[in-house]
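K.L.:
predicted coordinates and the sequence they were generated for:
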Amino acid sequence: MEKTYFYATIFFGWLITLALIIFMVVAFKMSMIVIGCILILICLASLLMNIVFMKKGVRNQ
C-alpha cells in the first residue's frame, strides 16, 4: 500500500474513532445507557483495528 493511502486510512480511522467516542459520551449524558454500551463495544473494536493496522503498516515499511 502506498504511504499516502496508508496515512490517510490511519487518519480517517482515528477520526471516526474520535467521533464514536464523542457520540458515546453524549449518549451517556442523555441517559441512553444501552446505546452508550453498544457504542463502547463499537469504539473498542475500532480502536483495536486502528492499532492492528498501524502495527501492520510499521512492520511493512
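P.N.:
All right, it came through fine. Numbers count the residues shown, from 1 in each chain.
K.L.:
neighbours around Val26, how many?
P.N.:
13 (other C-beta atoms under 10 Å). (C-beta placed from N, C-alpha, C; glycine too.)
K.L.:
shaky segments in the chain?
P.N.:
Along the chain, the model assigns pLDDT under 70 to residues 1, 61.
K.L.:
once you drop chain neighbours, what's closest to the most centrally placed residue in the chain?
P.N.:
In the chain, the centroid-proximal residue (C-alpha atoms, centre = their mean) is Thr17; its distance is 2.8 Å. Spatially, and ignoring its direct neighbours in sequence, Thr17 is nearest to Ser46 (4.6 Å; C-beta to C-beta, 6 or more residues apart in numbering).
K.L.:
what strand or helix carries the one you found?
P.N.:
Under the criterion of DSSP states H and E, Ser46 resides in helix 33-60.
K.L.:
and that helix, which residues are buried?
P.N.:
Judged by neighbour count (16 or more other C-beta atoms under 10 Å), helix 33-60 contains these buried residues: Gly36, Leu39, Cys43, Ser46, Asn50.
K.L.:
pretty sure the second one sits against Val25.
P.N.:
Yep, that's Leu39 we're talking about. No - Leu39 lies out of contact with Val25 (C-beta atoms under 8 Å); the separation is 9.0 Å.
K.L.:
any residues in contact with both of those two?
P.N.:
Listed as contacting both Leu39 and Val25 by C-beta atoms under 8 Å, 6 or more residues apart in numbering is no residue at all.
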